[in-house]
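*Asks:* model this:
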Amino acid sequence: EQEALNREDLAAGSARRAKEAEERAIHEEDLARAKEEQAAEEESKAMQEEMEAVESEMAALESEAAFATAKKQIKREEQEANKLEKAAREAETAARKAEDAARKKEAAASKKEEVFAVAEEKALAAEKAMTDLEEEMKDVIATVERTKREFEERKLALEAIAGDDSLGIVRRNKAKNELAQHLAAKNDTPLNRAQLVNQALLKRQAPVTEQA
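*Replies:* Purely as a prediction, here's the structure:
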């Protein structure tokens with residue numbers, strides 16, 4: 001009988017240990033399932049971050065291409081501005097020469113009173129026209145210089161931001177896009193309007209010089 005009791009105790013102990021082992025196994029299975037779900041979530045998050053990184057890289061490449069195009073446009077704009085400045089200075093020199101010619105004609109016309117009166121009237125009119133034209137050309141030159149300076153300052157500011165690796169990618173890309181837009185709007189810039197004004201002044205100069 002005692003042996004039967006001992007066996008019964010052993011059986012009860014074995015059953016208890018088996019139950020505990022089963023409970024531990026269930027607990028470990030729950031932990032493993034939780035870790036598996038967490039790993040899946042982290043993998044999904046990593047994939048999302050990778051996709052965002054690829055999109056950012058593509059945007060950066062597009063901005064870089066726009067920036068390269070903008071630099072070429074800046075070069076063309078500077079060349080056009082230099083041509084305009086040279087033409088304005090040449091026009092100013094021609095205006096001064098025309099003014100001198102008008103004064104010489106005025107002096108020669110003084111030999112005869114009747115001729116002098118007519119020549120003086122024409123010379124004064126031509127001199128005034130040339131003086132007005134010269135002043136307008138000076139204003140055009142000043143506008144060109146100021147516009148070039150403002151254009152260059154804006155360009156340098158945007159280039160500095162776009163090339164500063166210490167700044168965020170969003171801010172640098174924004175600066176690159178603003179630079180591209182700034183250059184794309186050249187047909188509506190003061191420099192373009194100054195070019196048109198200078199062309200009009202050059203057309204007006206020919207008949208005034210001829211008259212002088």
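*Asks:* give me the low-pLDDT residue ranges for the protein?
*Replies:* Where the chain drops to pLDDT under 70, the residues are 112, 116, 185-212.
*Asks:* Next, name the residue at the spatial heart of it.
*Replies:* Nearest to the geometric centre of the chain sits Leu179, at 0.3 Å (C-alpha atoms, centre = their mean).
*Asks:* does that one belong to a helix or a strand, and which?
*Replies:* helix 169-184 (DSSP states H and E).
*Asks:* again, but for Lys111
*Replies:* Assessed by DSSP H and E, Lys111 sits outside every helix and strand.
*Asks:* Now do it against Glu127, distance only.
*Replies:* 19 Å (C-beta to C-beta, to the nearest Å). For the C-beta atoms, the positions are set from N, CA and C on the backbone; glycine is no exception.
*Asks:* which of those two has more neighbours?
*Replies:* Neighbour comparison, Lys111 and Glu127: the larger count goes to Glu127, with 17 against 9 (by other C-beta atoms under 10 Å).
*Asks:* I'd say the more buried one and Asp100 touch.
*Replies:* No: between Glu127 and Asp100 there is no contact under C-beta atoms under 8 Å: 10.1 Å.
*Asks:* packing partners for the longest helix anywhere in the chain?
*Replies:* Counting residues, the longest helix found in the chain (DSSP state H) is helix 2-109. Judged by 3 or more C-beta pairs under 8 Å, 6 or more residues apart in numbering; DSSP states H and E, helix 2-109 is in contact with helix 113-162, helix 169-184, helix 190-211.
*Asks:* Residues contacting the helix holding Leu179, please?
*Replies:* For helix 169-184, contacts defined as C-beta atoms under 8 Å, 6 or more residues apart in numbering pick out 56, 59-60, 63-64, 66-67, 69-70, 73-74, 77, 154-155, 158-159, 161-165.
*Asks:* So what angle separates the directions of it and helix 2-109?
*Replies:* 20 degrees (axes from the mean of the first three to the mean of the last three C-alpha atoms, to 10 degrees).
*Asks:* buried ones in helix 169-184?
*Replies:* 172-180, 182-183 (16 or more other C-beta atoms under 10 Å).
*Asks:* for stretch 155-173, same thing?
*Replies:* So for stretch 155-173, counting by 16+ other C-beta under 10 Å, buried means 155, 158-159, 161-162, 172-173.
*Asks:* Since that was my last question, I'll sign off now.
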